[in-house]
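In: structure for this input, please:
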Amino acid sequence: MATDIFVREGLTQPQMAKVASKYRHEFDLAHSEFVNIVEVLEFKLPLIYPRFRLVVRDKEKLNDEAVTETKNDRILVREDIYDGACEGDAYCRFVLAHELGHFLLHRETMKDLHTVSSGEYSENIKNLNAIESAEDQATIFARHFLVHPAIAFRYKEDIDILCRKTGVPRDEAATAITISKRQEMFKIRSGETTSKGC
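Out: Numbering: from 1, shown residues only. Sure thing, here's the model as predicted:
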């Protein structure tokens, strides 16, 4: 059964887009349509977190596609996923962006987490919403990191162009377009983000 971790302080779509934008700026990717996620993990992230390591493992040694070990300052990635991301595979790129989200979002918030592998959540966990799920947060971060709302809005009429320009899976591109059209995303689309909450 899948394990999910719930954090008590979730971020809304606009808040997560601001966080992703902040990191795009820090990695000198603010105006990039295509994010080279492998370069971010291999070279840019270690500049901010010198202890960070991306560790590539073969299939026999890593069952999961990728795992973020915040306590060890590393992301373990299966070799086929890493190779796919290097070759531009949209799914593999998204997997790595998702793990980057875990590393950046959850490294300091590991204090109040609940891990359940049985699929049976206690009542206080059952009532938390999707933005409080560590898995959902990492996915939302990955989407906004790889497809800035301004880019999604720019190509909102042609999902295929958006997929080619950003290198993300079609379903994530479609979701990014939908979210980019929301009124609460206007300031983020237009670059009028504030530092509040970031």
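In: for stretch 163-170, buried residues please.
Out: 163, 165-169 (16 or more other C-beta atoms under 10 Å). (Each C-beta comes from the backbone N, C-alpha and C, glycine too.)
In: quick check: end-to-end length of it?
Out: 6 Å (C-alpha to C-alpha, to the nearest Å).
In: the buried residues of stretch 163-170: which two are farthest apart?
Out: 165 and 169 (13.5 Å; C-beta to C-beta).
In: coming back round to it: dump the buried residues of stretch 163-170 to a markdown table, plus secondary structure, distance to residue 103 and pLDDT.
Out: Formatted as a markdown table, the buried residues of stretch 163-170 follow (DSSP: H, G, I helix; E, B strand; the rest coil; distance: C-beta to C-beta, whole Å; pLDDT from 0 to 100):
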| residue | secondary structure | distance to residue 103 | pLDDT |
| --- | --- | --- | --- |
| 163 | helix | 25 | 97 |
| 165 | helix | 25 | 97 |
| 166 | helix | 21 | 98 |
| 167 | coil | 20 | 98 |
| 168 | coil | 19 | 98 |
| 169 | coil | 21 | 98 |
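In: surely residue 191 meets residue 150?
Out: Yes - between residue 191 and residue 150 there is a contact under C-beta atoms under 8 Å: 7.0 Å.
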